[in-house]
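*Asks:* what shape does this take:
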Amino acid sequence: MTRVNGRRRSSAWIAALVLAWSALLPSIAITGAVASATYPPQCALDDYETLTCELEVTAPATATAGTPFQVTVNVVDEGGIVNEGPCSSGTLSVGLAESEGELVDPDPVVSGGTSTFFATIEDAGTFHLVIEFQETPYANCGHVGGVTSDAIEVANPGVVVTCPANTVCTATTESESGNAQAAITASGGATITAAFSTLGQAGYTACAGTTPRDPGGVLTFDVVNGKLIKIVKFTISAAIASGPLRDYGVCWNAPVTFKTAGGSNAAADPQGGFTGLLANCLSVNPRLPCIALRAKDRDGNVSVWVLAKPGDPKGYVR
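*Replies:* Next up, the predicted model:
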């Protein structure tokens with residue numbers, strides 16, 4: 001009988017303890033909910049301990065208008081560790097900080113603190129992604145907040161021309177401002193791609209002491225399967241043309257080095273390839289690439305012709 005009474009007393013003591021904890025739990029949950037709305041962003045309340053989290057975004061520095069690029073968003077704690085708790089799952093809203101751009105809404109989902117998705121910006125220019133996190137409703141979850149990406153330089157996709165076999169053809173394109181134009185001529189069934197962009201979008205370093213006459217007038221182009229040399233004609237509109245013809249140099253970037261206007265080999269570019277100012281073509285046995293001709297028309301537009309080997313260089317008129 002004594003052992004039975006002892007069990008009854010133990011059961012009564014445990015029941016009283018459970019009731020006491022049950023009475024406390026609602027007030028703790030309410031305190032957590034108030035804190036999530038009043039204090040710094042939280043991703044969870046684990047054992048009633050506040051965990052502060054934020055979004056971390058990884059996106060490319062460059063992209064092409066109309067072409068999808070990959071974006072990764074993580075929910076990380078104060079130590080930079082991805083938080084995989086239930087409060088770190090939900091949906092993301094993705095937009096652009098700039099009003100002039102158009103973004104194809106990817107409508108991504110976050111699971112276990114991570115989301116990887118593809119976004120597409122339809123316009124050329126410099127843009128920043130603005131991302132907000134909407135948590136899945138869950139007890140004691142706080143608000144993680146939003147993040148803005150680093151700048152993404154989005155380049156114009158340009159034009160693509162495929163030349164019929166054994167024929168000569170030309171691809172033409174112009175900068176966004178219209179103050180820089182280019183015509184790339186190739187033969188032998190070549191495929192020509194060409195687009196204007198900024199230096200940041202093109203991904204190479206300006207030649208020392210120079211800048212593009214048109215900030216968006218940096219030409220990136222490629223000639224595939226071309227059997228002969230290609231001719232690149234840069235044209236600068238009269239609206240921004242000034243100074244004597246001899247001042248119209250071409251800053252060139254190519255996968256292999258070449259002779260520059262100073263007579264030395266083009267230096268390695270920190271962003272890739274080799275960069276330098278093109279030399280004038282020699283009348284006999286010119287070393288490609290080189291400037292073959294400069295001319296101004298009666299309307300004041302200035303054109304510079306460059307002879308180059310097939311490949312994928314970049315260039316601008318200084």
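*Asks:* can you show me the strands along the stretch 1-150 of the chain?
*Replies:* Using DSSP state E, counting those that start in this stretch, the strands found in the stretch 1-150 of the chain span residues 44-46, 49-51, 53-58, 62-64, 69-77, 90-96, 103-104, 109-110, 114-121, 125-127, 129-135, 146-148.
*Asks:* tell me the angle of the fifth one relative to strand 53-58?
*Replies:* Per axes from the mean of the first three to the mean of the last three CA atoms, to 10 degrees, the angle that strand 69-77 makes with strand 53-58 is 160 degrees.
*Asks:* what is the helix or strand hosting residue 193 packed up against?
*Replies:* Element membership of residue 193 [criterion: DSSP states H and E] is strand 191-197. Contact partners of strand 191-197 among helices and strands, from 3 or more CB pairs under 8 Å, 6 or more residues apart in numbering; DSSP states H and E: strand 152-155, strand 159-162, strand 168-174, strand 180-187, strand 218-224. (Glycine included, C-beta is placed from N, CA and C.)
*Asks:* residue 236 is nearest to which of the ones you listed?
*Replies:* strand 180-187 (6.1 Å; CB to CB).
*Asks:* hmm, who's touching that closest one?
*Replies:* With CB atoms under 8 Å, 6 or more residues apart in numbering as the test, strand 180-187 has contacts from 163, 166-175, 192, 194, 196, 212-214, 216-217, 219, 221, 223, 226-228, 230-237, 310, 316-317.
*Asks:* can you flag the buried ones in these?
*Replies:* Among the contacts of strand 180-187, those that count as buried by neighbour count (16 or more other CB atoms under 10 Å) are 163, 169-171, 173-175, 192, 194, 196, 212-214, 216-217, 219, 221, 223, 226, 230-237, 310, 316-317.
*Asks:* and stretch 118-137, average pLDDT?
*Replies:* Averaging the model's pLDDT scores along stretch 118-137 yields 85.
*Asks:* how about that stretch: buried residues?
*Replies:* Of the residues in stretch 118-137, those buried (16+ other CB under 10 Å) are 119-121, 123-125, 127-131, 133, 135.
*Asks:* farthest pair within those residues?
*Replies:* Among the buried residues of stretch 118-137, 124 and 135 lie farthest apart (CB to CB), at 34.9 Å.
*Asks:* by mean pLDDT, show me the worst of the strands of the stretch 1-150 of the chain.
*Replies:* Minimum mean pLDDT among those: strand 44-46, a mean of 48.
*Asks:* could you tell me the end-to-end distance of stretch 73-83?
*Replies:* Stretch 73-83 has an end-to-end distance of 12 Å (criterion: CA to CA, to the nearest Å).
*Asks:* buried ones in it?
*Replies:* 73, 74, 75, 76, 77, 83.
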